[in-house]
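**Student:** 3D, please:
(chains A and B)
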Amino acid sequence: MPRNAFVEGAAAIAKGMSLTFETMFKKKTTVQWPEQREGVKPRYRGRHVLERYDNGLEKCIGCELCAGACPADCILVEAAENTDGHRVSPGERYAKRYEINMSRCIFCGFCEEACPTGAIVLKHDYELADFDIPHQIYTKEMMLVPDPREVKRKLAAMTEQAGEIR
Amino acid sequence: MTWEQGIFDLIVAVLIIFALLTGFAYMTYAERRIVALMQVRLGPNRVGPAGLLQPLADGIKLLFKEDIVPAQADKPIFTLAPMLSIIVALSAFAVIPFTVISSTFIVRGSTIASKGPLALASLNVGLLYVFAATSLGVYGIILSGWASNNKYSLLGGIRSSAQVISYELALSMAVIGVIAITGSLSLGDIVSFQQRHIPNILWQPLGFCLYCIAAIAEVNRAPFDLAEAEQELVAGYHIEYSSFRFAMFFMAEYINMITVSAFATTLFLDGPVGPFVLITPWLSGLFWFTIKVAVLLFTFIWIRATLPRVRYDRLMSLGWRWLLPLGLLNIVITGAVVAFTA
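**Tutor:** Residues are numbered from 1 along each chain as shown, chains lettered A, B, ... in the order given. The predicted structure is shown next:
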(Lines give C-alpha, C1' and ligand atoms only; values in the text may rest on other atoms or scores of the structure.)
Protein backbone atom coordinates (compact mmCIF):
# COMPACT_ATOMS: atom_id res chain seq x y z
CA MET A 1 0.00 0.00 0.00
CA PRO A 2 1.58 3.28 -1.02
CA ARG A 3 1.92 5.65 1.91
CA ASN A 4 -0.43 8.50 1.27
CA ALA A 5 0.80 11.72 2.83
CA PHE A 6 -2.65 13.28 2.67
CA VAL A 7 -4.37 10.50 4.50
CA GLU A 8 -1.62 10.15 7.06
CA GLY A 9 -1.52 13.87 7.63
CA ALA A 10 -5.26 14.14 7.99
CA ALA A 11 -5.30 11.17 10.35
CA ALA A 12 -2.57 12.74 12.49
CA ILE A 13 -4.46 16.00 12.69
CA ALA A 14 -7.67 14.22 13.60
CA LYS A 15 -5.88 12.27 16.31
CA GLY A 16 -4.38 15.45 17.75
CA MET A 17 -7.69 17.23 17.73
CA SER A 18 -9.46 14.38 19.45
CA LEU A 19 -6.78 14.45 22.15
CA THR A 20 -7.26 18.14 22.82
CA PHE A 21 -11.01 17.66 22.82
CA GLU A 22 -10.85 14.87 25.37
CA THR A 23 -8.54 16.96 27.53
CA MET A 24 -11.29 19.52 27.90
CA PHE A 25 -13.17 17.10 30.11
CA LYS A 26 -10.29 15.93 32.25
CA LYS A 27 -9.57 17.18 35.73
CA LYS A 28 -7.50 20.37 35.60
CA THR A 29 -4.25 20.86 37.45
CA THR A 30 -4.87 24.49 38.34
CA VAL A 31 -4.72 25.27 42.06
CA GLN A 32 -7.36 27.91 42.74
CA TRP A 33 -5.56 30.26 45.12
CA PRO A 34 -6.70 31.56 47.66
CA GLU A 35 -9.44 28.99 48.11
CA GLN A 36 -6.95 26.14 47.65
CA ARG A 37 -3.32 26.16 48.59
CA GLU A 38 -0.73 23.73 47.48
CA GLY A 39 1.65 22.69 50.27
CA VAL A 40 5.38 23.31 50.03
CA LYS A 41 8.24 20.86 50.45
CA PRO A 42 9.84 20.41 53.89
CA ARG A 43 13.05 22.32 53.09
CA TYR A 44 11.23 25.18 51.36
CA ARG A 45 12.82 28.57 52.12
CA GLY A 46 10.08 31.05 52.97
CA ARG A 47 9.82 33.80 55.56
CA HIS A 48 12.46 34.02 58.28
CA VAL A 49 11.77 33.46 61.99
CA LEU A 50 13.99 33.96 65.04
CA GLU A 51 13.84 30.86 67.22
CA ARG A 52 13.84 30.49 70.99
CA TYR A 53 14.86 27.74 73.41
CA ASP A 54 12.24 25.90 75.43
CA ASN A 55 13.07 27.95 78.50
CA GLY A 56 12.09 31.12 76.68
CA LEU A 57 15.55 32.54 75.96
CA GLU A 58 16.20 33.70 72.41
CA LYS A 59 18.67 31.63 70.42
CA CYS A 60 20.14 34.70 68.68
CA ILE A 61 23.40 35.84 70.28
CA GLY A 62 23.95 38.88 68.07
CA CYS A 63 27.10 37.52 66.42
CA GLU A 64 26.21 39.02 62.99
CA LEU A 65 27.41 35.97 61.06
CA CYS A 66 24.11 35.94 59.18
CA ALA A 67 24.63 39.55 58.10
CA GLY A 68 28.10 38.65 56.90
CA ALA A 69 26.92 35.62 54.96
CA CYS A 70 24.03 37.39 53.26
CA PRO A 71 24.81 37.85 49.52
CA ALA A 72 22.22 40.60 49.16
CA ASP A 73 23.44 42.44 52.26
CA CYS A 74 19.94 42.84 53.62
CA ILE A 75 20.33 41.92 57.32
CA LEU A 76 20.96 44.52 60.02
CA VAL A 77 22.05 43.32 63.46
CA GLU A 78 22.84 45.48 66.47
CA ALA A 79 24.13 43.51 69.42
CA ALA A 80 23.80 44.50 73.10
CA GLU A 81 25.25 43.01 76.28
CA ASN A 82 23.23 40.55 78.36
CA THR A 83 23.27 41.58 82.03
CA ASP A 84 22.27 39.38 84.98
CA GLY A 85 19.24 41.53 85.50
CA HIS A 86 18.21 41.56 81.86
CA ARG A 87 19.04 38.26 80.17
CA VAL A 88 17.64 37.67 76.69
CA SER A 89 19.87 34.95 75.28
CA PRO A 90 22.22 32.38 76.86
CA GLY A 91 25.62 33.91 76.16
CA GLU A 92 27.29 37.29 76.35
CA ARG A 93 25.30 39.21 73.80
CA TYR A 94 21.84 39.29 72.25
CA ALA A 95 20.46 41.03 69.18
CA LYS A 96 19.00 44.33 70.34
CA ARG A 97 18.00 45.21 66.81
CA TYR A 98 17.46 42.63 64.07
CA GLU A 99 16.04 43.69 60.74
CA ILE A 100 15.80 41.99 57.36
CA ASN A 101 14.89 43.91 54.21
CA MET A 102 12.55 41.44 52.48
CA SER A 103 12.57 43.38 49.22
CA ARG A 104 16.29 42.62 48.91
CA CYS A 105 16.30 39.15 50.40
CA ILE A 106 16.79 36.40 47.83
CA PHE A 107 15.70 33.60 50.18
CA CYS A 108 18.91 31.69 49.61
CA GLY A 109 19.16 30.41 53.18
CA PHE A 110 22.84 31.34 53.67
CA CYS A 111 21.92 33.15 56.89
CA GLU A 112 20.32 29.96 58.16
CA GLU A 113 23.44 27.97 57.24
CA ALA A 114 25.80 30.52 58.83
CA CYS A 115 23.96 30.81 62.15
CA PRO A 116 25.87 28.96 64.91
CA THR A 117 22.90 28.60 67.22
CA GLY A 118 20.12 27.88 64.73
CA ALA A 119 18.39 31.15 65.57
CA ILE A 120 17.50 32.40 62.10
CA VAL A 121 15.44 29.80 60.25
CA LEU A 122 13.51 30.01 56.99
CA LYS A 123 10.00 28.64 57.35
CA HIS A 124 7.20 28.01 54.86
CA ASP A 125 5.33 31.33 54.65
CA TYR A 126 5.54 32.75 51.09
CA GLU A 127 2.56 35.07 50.99
CA LEU A 128 4.56 38.24 51.69
CA ALA A 129 3.25 40.63 49.04
CA ASP A 130 2.30 44.16 50.05
CA PHE A 131 1.57 47.50 48.46
CA ASP A 132 4.08 49.45 50.49
CA ILE A 133 7.87 49.13 50.26
CA PRO A 134 8.66 50.41 53.81
CA HIS A 135 6.51 47.50 55.08
CA GLN A 136 9.08 45.15 53.57
CA ILE A 137 11.59 45.80 56.37
CA TYR A 138 10.84 43.02 58.86
CA THR A 139 11.89 43.76 62.44
CA LYS A 140 12.85 41.44 65.26
CA GLU A 141 9.38 41.67 66.80
CA MET A 142 7.80 40.54 63.53
CA MET A 143 10.09 37.53 63.18
CA LEU A 144 10.55 36.34 66.79
CA VAL A 145 8.59 33.20 67.62
CA PRO A 146 6.31 33.37 70.71
CA ASP A 147 7.73 32.30 74.11
CA PRO A 148 7.09 28.52 74.43
CA ARG A 149 6.31 28.82 78.14
CA GLU A 150 3.61 31.39 77.40
CA VAL A 151 2.25 29.17 74.67
CA LYS A 152 2.13 26.18 77.04
CA ARG A 153 0.44 28.22 79.72
CA LYS A 154 -2.23 29.56 77.39
CA LEU A 155 -2.84 26.14 75.90
CA ALA A 156 -3.30 24.66 79.39
CA ALA A 157 -5.74 27.43 80.26
CA MET A 158 -7.73 26.83 77.07
CA THR A 159 -7.75 23.08 77.65
CA GLU A 160 -9.03 23.53 81.17
CA GLN A 161 -11.77 25.79 79.86
CA ALA A 162 -12.76 23.36 77.15
CA GLY A 163 -13.17 20.58 79.70
CA GLU A 164 -12.06 17.02 79.32
CA ILE A 165 -10.38 16.27 76.04
CA ARG A 166 -11.15 12.83 74.76
CA MET B 1 -35.81 54.17 -0.16
CA THR B 2 -38.51 55.35 2.20
CA TRP B 3 -38.19 56.65 5.73
CA GLU B 4 -39.47 53.41 7.19
CA GLN B 5 -36.92 51.36 5.27
CA GLY B 6 -34.15 53.74 6.22
CA ILE B 7 -34.95 53.62 9.91
CA PHE B 8 -35.29 49.85 9.89
CA ASP B 9 -31.92 49.51 8.14
CA LEU B 10 -30.32 51.86 10.63
CA ILE B 11 -31.68 49.93 13.60
CA VAL B 12 -30.59 46.60 12.15
CA ALA B 13 -27.13 47.97 11.32
CA VAL B 14 -26.66 49.22 14.85
CA LEU B 15 -27.82 45.91 16.26
CA ILE B 16 -25.49 43.96 13.99
CA ILE B 17 -22.52 46.10 14.96
CA PHE B 18 -23.43 45.75 18.61
CA ALA B 19 -23.76 41.99 18.22
CA LEU B 20 -20.43 41.75 16.41
CA LEU B 21 -18.61 43.77 19.03
CA THR B 22 -20.11 41.76 21.87
CA GLY B 23 -19.32 38.62 19.91
CA PHE B 24 -15.74 39.78 19.54
CA ALA B 25 -15.45 40.48 23.26
CA TYR B 26 -16.78 37.10 24.24
CA MET B 27 -14.69 35.39 21.55
CA THR B 28 -11.60 36.58 23.40
CA TYR B 29 -13.03 35.14 26.60
CA ALA B 30 -14.09 31.89 24.92
CA GLU B 31 -10.70 31.52 23.29
CA ARG B 32 -8.79 31.92 26.53
CA ARG B 33 -11.12 29.57 28.36
CA ILE B 34 -11.29 26.87 25.72
CA VAL B 35 -7.58 26.88 24.93
CA ALA B 36 -6.93 26.67 28.67
CA LEU B 37 -9.31 23.75 29.13
CA MET B 38 -7.58 21.94 26.30
CA GLN B 39 -4.28 22.53 28.08
CA VAL B 40 -5.36 20.97 31.39
CA ARG B 41 -5.77 24.31 33.11
CA LEU B 42 -8.58 26.72 33.84
CA GLY B 43 -8.74 30.00 32.02
CA PRO B 44 -9.67 33.37 33.48
CA ASN B 45 -12.38 32.67 36.04
CA ARG B 46 -11.92 35.44 38.62
CA VAL B 47 -13.28 38.64 37.09
CA GLY B 48 -17.03 38.46 37.49
CA PRO B 49 -18.94 35.17 37.71
CA ALA B 50 -16.81 32.50 36.04
CA GLY B 51 -14.66 35.23 34.55
CA LEU B 52 -17.38 36.57 32.29
CA LEU B 53 -16.42 40.19 32.89
CA GLN B 54 -12.84 39.54 31.79
CA PRO B 55 -13.38 41.09 28.33
CA LEU B 56 -14.69 44.22 30.02
CA ALA B 57 -11.59 44.41 32.19
CA ASP B 58 -9.38 43.83 29.15
CA GLY B 59 -11.19 46.52 27.21
CA ILE B 60 -10.82 49.06 29.99
CA LYS B 61 -7.16 48.21 30.35
CA LEU B 62 -6.56 48.66 26.64
CA LEU B 63 -8.28 52.01 26.62
CA PHE B 64 -6.20 53.30 29.50
CA LYS B 65 -2.89 52.39 27.92
CA GLU B 66 -0.61 55.08 26.59
CA ASP B 67 -1.07 55.70 22.89
CA ILE B 68 2.40 55.62 21.39
CA VAL B 69 3.09 56.71 17.84
CA PRO B 70 6.65 56.07 16.64
CA ALA B 71 8.57 59.26 15.88
CA GLN B 72 9.21 58.66 12.20
CA ALA B 73 5.96 56.90 11.51
CA ASP B 74 3.74 58.11 8.72
CA LYS B 75 1.09 59.55 11.03
CA PRO B 76 -1.96 59.81 8.70
CA ILE B 77 -1.50 56.28 7.37
CA PHE B 78 -0.57 54.99 10.81
CA THR B 79 -3.91 56.28 12.05
CA LEU B 80 -5.84 55.16 8.99
CA ALA B 81 -4.70 51.54 8.81
CA PRO B 82 -6.49 50.11 11.86
CA MET B 83 -9.61 52.10 11.04
CA LEU B 84 -9.60 50.60 7.57
CA SER B 85 -9.22 47.11 8.99
CA ILE B 86 -12.12 47.40 11.32
CA ILE B 87 -14.51 49.29 9.03
CA VAL B 88 -14.05 46.71 6.33
CA ALA B 89 -14.39 43.81 8.77
CA LEU B 90 -17.67 45.17 10.09
CA SER B 91 -19.13 46.06 6.72
CA ALA B 92 -18.55 42.61 5.25
CA PHE B 93 -21.31 41.38 7.53
CA ALA B 94 -23.94 43.55 5.87
CA VAL B 95 -25.05 40.98 3.32
CA ILE B 96 -25.06 37.90 5.50
CA PRO B 97 -28.56 36.59 6.19
CA PHE B 98 -28.79 36.09 9.91
CA THR B 99 -32.42 35.10 10.26
CA VAL B 100 -35.51 34.20 8.26
CA ILE B 101 -38.87 35.92 8.37
CA SER B 102 -42.03 34.08 7.56
CA SER B 103 -44.03 36.87 5.95
CA THR B 104 -43.30 40.14 4.23
CA PHE B 105 -42.70 42.85 6.79
CA ILE B 106 -44.64 45.94 5.79
CA VAL B 107 -44.74 49.13 7.81
CA ARG B 108 -47.07 51.94 6.76
CA GLY B 109 -47.22 50.77 3.21
CA SER B 110 -43.54 50.33 2.39
CA THR B 111 -42.06 46.88 2.16
CA ILE B 112 -39.20 46.76 4.56
CA ALA B 113 -38.23 43.13 4.28
CA SER B 114 -39.52 40.38 2.10
CA LYS B 115 -40.32 36.86 3.13
CA GLY B 116 -37.37 34.52 3.49
CA PRO B 117 -33.78 35.02 4.62
CA LEU B 118 -33.15 38.43 6.08
CA ALA B 119 -29.87 40.29 5.71
CA LEU B 120 -29.20 43.95 6.30
CA ALA B 121 -28.66 44.45 2.58
CA SER B 122 -29.93 41.82 0.20
CA LEU B 123 -27.67 42.44 -2.74
CA ASN B 124 -27.99 40.25 -5.76
CA VAL B 125 -24.18 40.05 -5.82
CA GLY B 126 -23.84 39.55 -2.08
CA LEU B 127 -21.19 36.85 -2.37
CA LEU B 128 -18.98 39.06 -4.48
CA TYR B 129 -19.47 41.89 -2.02
CA VAL B 130 -18.11 39.79 0.84
CA PHE B 131 -15.01 38.92 -1.16
CA ALA B 132 -14.52 42.55 -2.09
CA ALA B 133 -14.78 43.64 1.52
CA THR B 134 -12.32 41.06 2.79
CA SER B 135 -9.90 41.96 0.01
CA LEU B 136 -9.93 45.55 1.16
CA GLY B 137 -8.86 44.32 4.57
CA VAL B 138 -5.44 43.57 3.12
CA TYR B 139 -4.83 47.30 2.83
CA GLY B 140 -5.09 47.66 6.58
CA ILE B 141 -2.32 45.12 7.03
CA ILE B 142 0.08 46.40 4.43
CA LEU B 143 -0.43 50.04 5.36
CA SER B 144 0.19 49.40 9.03
CA GLY B 145 3.30 47.40 8.24
CA TRP B 146 4.63 50.26 6.16
CA ALA B 147 3.58 53.19 8.30
CA SER B 148 5.11 51.87 11.51
CA ASN B 149 8.62 52.69 10.33
CA ASN B 150 9.89 49.39 11.69
CA LYS B 151 11.64 46.66 9.70
CA TYR B 152 9.99 43.82 11.56
CA SER B 153 6.61 45.39 11.21
CA LEU B 154 7.16 45.78 7.49
CA LEU B 155 8.27 42.19 7.10
CA GLY B 156 5.29 41.02 9.09
CA GLY B 157 2.95 43.16 7.03
CA ILE B 158 4.33 41.95 3.73
CA ARG B 159 4.21 38.31 4.75
CA SER B 160 0.72 38.70 6.03
CA SER B 161 -0.60 40.43 2.91
CA ALA B 162 1.02 37.87 0.64
CA GLN B 163 -0.62 35.13 2.69
CA VAL B 164 -4.02 36.77 2.65
CA ILE B 165 -4.13 37.41 -1.08
CA SER B 166 -2.97 33.88 -1.90
CA TYR B 167 -5.64 32.34 0.23
CA GLU B 168 -8.32 34.66 -1.05
CA LEU B 169 -7.83 32.99 -4.39
CA ALA B 170 -8.20 29.55 -2.86
CA LEU B 171 -11.28 30.75 -0.97
CA SER B 172 -12.92 32.00 -4.14
CA MET B 173 -12.21 28.77 -5.98
CA ALA B 174 -13.81 26.79 -3.18
CA VAL B 175 -16.92 28.91 -3.37
CA ILE B 176 -17.38 28.80 -7.14
CA GLY B 177 -18.74 25.29 -6.84
CA VAL B 178 -21.54 26.64 -4.64
CA ILE B 179 -22.30 29.36 -7.17
CA ALA B 180 -22.45 26.79 -9.97
CA ILE B 181 -24.94 24.65 -8.08
CA THR B 182 -27.20 27.39 -6.79
CA GLY B 183 -26.93 29.55 -9.88
CA SER B 184 -26.91 32.78 -7.93
CA LEU B 185 -24.52 35.16 -6.21
CA SER B 186 -27.15 36.40 -3.79
CA LEU B 187 -26.69 34.97 -0.31
CA GLY B 188 -30.42 35.02 0.33
CA ASP B 189 -30.97 32.88 -2.76
CA ILE B 190 -28.28 30.47 -1.67
CA VAL B 191 -29.97 29.99 1.70
CA SER B 192 -33.35 29.49 0.02
CA PHE B 193 -31.84 26.96 -2.35
CA GLN B 194 -30.46 25.00 0.56
CA GLN B 195 -33.82 25.11 2.30
CA ARG B 196 -35.46 23.60 -0.77
CA HIS B 197 -32.78 20.94 -1.21
CA ILE B 198 -30.03 19.80 1.14
CA PRO B 199 -27.22 21.84 2.74
CA ASN B 200 -24.46 22.55 0.29
CA ILE B 201 -21.85 20.79 2.35
CA LEU B 202 -23.28 17.52 1.10
CA TRP B 203 -22.96 18.54 -2.55
CA GLN B 204 -19.55 20.14 -2.04
CA PRO B 205 -17.52 18.32 0.59
CA LEU B 206 -14.22 19.15 -1.11
CA GLY B 207 -15.31 22.73 -1.47
CA PHE B 208 -16.10 22.93 2.22
CA CYS B 209 -12.74 21.48 3.21
CA LEU B 210 -10.89 23.88 0.94
CA TYR B 211 -13.00 26.73 2.25
CA CYS B 212 -12.19 25.87 5.84
CA ILE B 213 -8.45 25.68 5.31
CA ALA B 214 -8.37 28.82 3.20
CA ALA B 215 -10.55 30.68 5.70
CA ILE B 216 -8.18 29.95 8.55
CA ALA B 217 -5.27 31.24 6.49
CA GLU B 218 -7.29 34.24 5.34
CA VAL B 219 -7.92 35.38 8.88
CA ASN B 220 -4.26 34.96 9.91
CA ARG B 221 -5.21 32.41 12.46
CA ALA B 222 -3.28 29.43 13.79
CA PRO B 223 -1.84 27.30 12.32
CA PHE B 224 -1.32 29.97 9.65
CA ASP B 225 -0.53 32.90 11.91
CA LEU B 226 3.17 33.25 11.23
CA ALA B 227 2.78 36.87 10.23
CA GLU B 228 1.72 37.81 13.71
CA ALA B 229 3.48 34.96 15.42
CA GLU B 230 3.80 35.98 18.99
CA GLN B 231 6.98 34.04 19.38
CA GLU B 232 8.74 34.98 16.21
CA LEU B 233 7.91 38.36 14.78
CA VAL B 234 6.62 39.75 18.08
CA ALA B 235 3.19 40.58 16.75
CA GLY B 236 4.18 41.40 13.17
CA TYR B 237 2.40 44.25 11.49
CA HIS B 238 0.79 45.61 14.63
CA ILE B 239 3.92 45.80 16.83
CA GLU B 240 3.96 49.55 17.10
CA TYR B 241 0.30 49.91 17.90
CA SER B 242 -0.89 50.40 21.45
CA SER B 243 -4.10 51.22 23.25
CA PHE B 244 -7.12 51.75 21.08
CA ARG B 245 -5.33 51.36 17.76
CA PHE B 246 -4.25 47.89 18.77
CA ALA B 247 -7.75 47.21 20.02
CA MET B 248 -9.03 48.02 16.54
CA PHE B 249 -6.69 45.51 14.90
CA PHE B 250 -7.56 42.96 17.49
CA MET B 251 -11.25 43.56 16.86
CA ALA B 252 -10.76 43.38 13.12
CA GLU B 253 -9.10 39.98 13.36
CA TYR B 254 -11.81 38.43 15.49
CA ILE B 255 -14.62 40.03 13.53
CA ASN B 256 -13.08 38.67 10.34
CA MET B 257 -13.15 35.28 11.99
CA ILE B 258 -16.83 35.69 12.83
CA THR B 259 -17.62 36.89 9.31
CA VAL B 260 -15.81 34.01 7.68
CA SER B 261 -17.67 31.55 9.92
CA ALA B 262 -20.97 33.24 9.17
CA PHE B 263 -20.17 33.12 5.47
CA ALA B 264 -19.43 29.41 5.73
CA THR B 265 -22.72 28.70 7.47
CA THR B 266 -24.56 30.66 4.78
CA LEU B 267 -22.87 28.96 1.88
CA PHE B 268 -22.49 25.42 3.14
CA LEU B 269 -24.47 24.79 6.28
CA ASP B 270 -27.89 26.17 5.35
CA GLY B 271 -27.61 29.45 7.23
CA PRO B 272 -30.30 30.55 9.68
CA VAL B 273 -32.35 27.39 9.41
CA GLY B 274 -32.70 24.55 11.84
CA PRO B 275 -34.59 21.31 12.39
CA PHE B 276 -37.27 22.85 14.58
CA VAL B 277 -38.77 26.26 15.15
CA LEU B 278 -38.38 28.08 18.45
CA ILE B 279 -41.24 30.40 19.34
CA THR B 280 -41.18 32.53 16.20
CA PRO B 281 -39.44 31.92 12.88
CA TRP B 282 -37.20 34.97 13.17
CA LEU B 283 -36.03 34.15 16.67
CA SER B 284 -35.49 30.55 15.66
CA GLY B 285 -33.50 31.62 12.61
CA LEU B 286 -31.29 33.80 14.74
CA PHE B 287 -30.81 30.99 17.21
CA TRP B 288 -29.77 28.40 14.61
CA PHE B 289 -27.50 30.85 12.88
CA THR B 290 -25.79 31.65 16.16
CA ILE B 291 -25.38 27.97 17.02
CA LYS B 292 -23.81 27.17 13.67
CA VAL B 293 -21.45 30.13 13.79
CA ALA B 294 -20.54 29.24 17.37
CA VAL B 295 -19.66 25.68 16.38
CA LEU B 296 -17.41 26.96 13.60
CA LEU B 297 -15.77 29.45 15.95
CA PHE B 298 -15.22 26.67 18.48
CA THR B 299 -13.50 24.72 15.71
CA PHE B 300 -11.26 27.70 14.98
CA ILE B 301 -10.22 27.78 18.62
CA TRP B 302 -9.86 24.01 18.76
CA ILE B 303 -7.53 24.05 15.78
CA ARG B 304 -5.50 26.83 17.34
CA ALA B 305 -5.05 24.79 20.51
CA THR B 306 -3.97 21.70 18.63
CA LEU B 307 -1.87 22.40 15.60
CA PRO B 308 1.68 23.78 15.41
CA ARG B 309 2.38 26.78 13.24
CA VAL B 310 3.08 26.22 9.54
CA ARG B 311 6.36 27.67 8.29
CA TYR B 312 5.84 30.53 5.92
CA ASP B 313 7.22 28.98 2.75
CA ARG B 314 5.22 25.82 3.34
CA LEU B 315 2.18 27.97 3.96
CA MET B 316 2.54 29.69 0.57
CA SER B 317 3.26 26.37 -1.06
CA LEU B 318 0.08 24.94 0.43
CA GLY B 319 -1.98 27.80 -0.90
CA TRP B 320 -0.63 27.87 -4.42
CA ARG B 321 0.36 24.29 -5.11
CA TRP B 322 -2.39 22.40 -3.34
CA LEU B 323 -5.46 24.46 -2.55
CA LEU B 324 -5.61 26.32 -5.86
CA PRO B 325 -5.35 23.21 -8.09
CA LEU B 326 -7.78 21.33 -5.88
CA GLY B 327 -10.14 24.27 -6.10
CA LEU B 328 -9.90 24.21 -9.87
CA LEU B 329 -10.52 20.47 -9.85
CA ASN B 330 -13.58 21.08 -7.71
CA ILE B 331 -14.86 23.62 -10.24
CA VAL B 332 -14.28 21.25 -13.14
CA ILE B 333 -16.10 18.37 -11.48
CA THR B 334 -18.97 20.52 -10.26
CA GLY B 335 -19.29 22.19 -13.63
CA ALA B 336 -19.39 18.86 -15.42
CA VAL B 337 -22.03 17.45 -13.09
CA VAL B 338 -24.17 20.58 -13.31
CA ALA B 339 -23.86 20.71 -17.10
CA PHE B 340 -24.88 17.09 -17.55
CA THR B 341 -27.75 17.10 -15.06
CA ALA B 342 -29.26 20.47 -15.90
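**Student:** Who are the contact partners of the spatially most central residue of chain A?
**Tutor:** Geometric centre of chain A, nearest residue: A:G46, 2.4 Å, by C-alpha atoms, centre = their mean. For A:G46, the contact set (C-beta atoms under 8 Å, 6 or more residues apart in numbering or on different chains) comprises A:40, A:107, A:122-126. (C-beta placed from N, C-alpha, C; glycine too.)
**Student:** B:I301 too?
**Tutor:** B:30-31, B:34-35.
**Student:** Just give me the neighbour total for the closest residue to B:M257 other than its chain neighbours.
**Tutor:** Residue nearest to B:M257 in three dimensions, not counting chain neighbours: B:V219, with 5.0 Å by C-beta to C-beta, 6 or more residues apart in numbering or on different chains. By other C-beta atoms under 10 Å in any protein chain shown, the residues close to B:V219 number 25.
**Student:** what kind of secondary structure is the residue nearest to the centre of chain A in?
**Tutor:** Three-state call for A:G46 (DSSP: H, G, I helix; E, B strand; the rest coil): coil.
**Student:** any idea how far A:E127 is from it?
**Tutor:** Relative to A:E127, A:G46 is positioned 9 Å away (C-beta to C-beta, to the nearest Å).
**Student:** Ok, A:C105 next?
**Tutor:** According to C-beta to C-beta, A:C105 stands 15 Å off from A:E127.
**Student:** between the two, which one's more packed in?
**Tutor:** Taking neighbours as other C-beta under 10 Å, A:C105 and A:E127 compare with A:C105 leading, 21 against 9.
**Student:** Just the element for the more buried one, please.
**Tutor:** Counting by DSSP states H and E, no helix or strand carries A:C105.
**Student:** Helices of chain A, residue ranges please.
**Tutor:** Ranges of helices in chain A, per DSSP state H, are A:5-23, A:65-69, A:110-114, A:140-143, A:148-162.
**Student:** Around chain B, which positions in chain A sit nearby?
**Tutor:** Residues of chain A lying near chain B by C-beta under 8 Å from any C-beta of the partner chain: A:13, A:16-17, A:19-21, A:23-24, A:26, A:28-30, A:32.
**Student:** low-scoring stretches of chain A, by residue?
**Tutor:** Low-confidence segments of chain A (pLDDT under 70): A:1-3, A:164-166.
**Student:** residues contacting B:T265?
**Tutor:** Going by C-beta under 8 Å, 6+ apart, B:T265 touches B:271, B:289, B:292-293, B:296.
**Student:** For B:L278, give its distance to B:I101.
**Tutor:** Distance of B:L278 to B:I101, given as C-beta to C-beta: 14 Å.
**Student:** Which of these two has more residues huddled nearby?
**Tutor:** B:I101 (17 against 12).
**Student:** Give the buried residues for the longest helix along chain B.
**Tutor:** Ranked by residue count and defined by DSSP H, the top helix of chain B is helix B:3-38. Using 16 or more other C-beta atoms under 10 Å in any protein chain shown as the test for burial, helix B:3-38 gives B:4, B:8-9, B:12-13, B:16, B:20-21, B:23-38.
**Student:** likewise stretch A:104-116?
**Tutor:** Within stretch A:104-116, the residues scored as buried using 16+ other C-beta under 10 Å are A:105, A:107, A:109-112, A:114-115.
**Student:** one step back: quick one, which of the helices of chain A gets closest to B:S114.
**Tutor:** Closest to B:S114 of these, according to C-beta to C-beta: helix A:5-23, at 41.4 Å.
**Student:** Around chain A, pick out the residues from chain B.
**Tutor:** Proximity of chain B to chain A (C-beta under 8 Å from any C-beta) is limited to residues B:34, B:37-42, B:302-303, B:305-307.
**Student:** Would you list the buried entries among those residues?
**Tutor:** Burial by neighbour count, judged by 16+ other C-beta under 10 Å, picks out B:34, B:37-38, B:42, B:302-303, B:305-307 from these.
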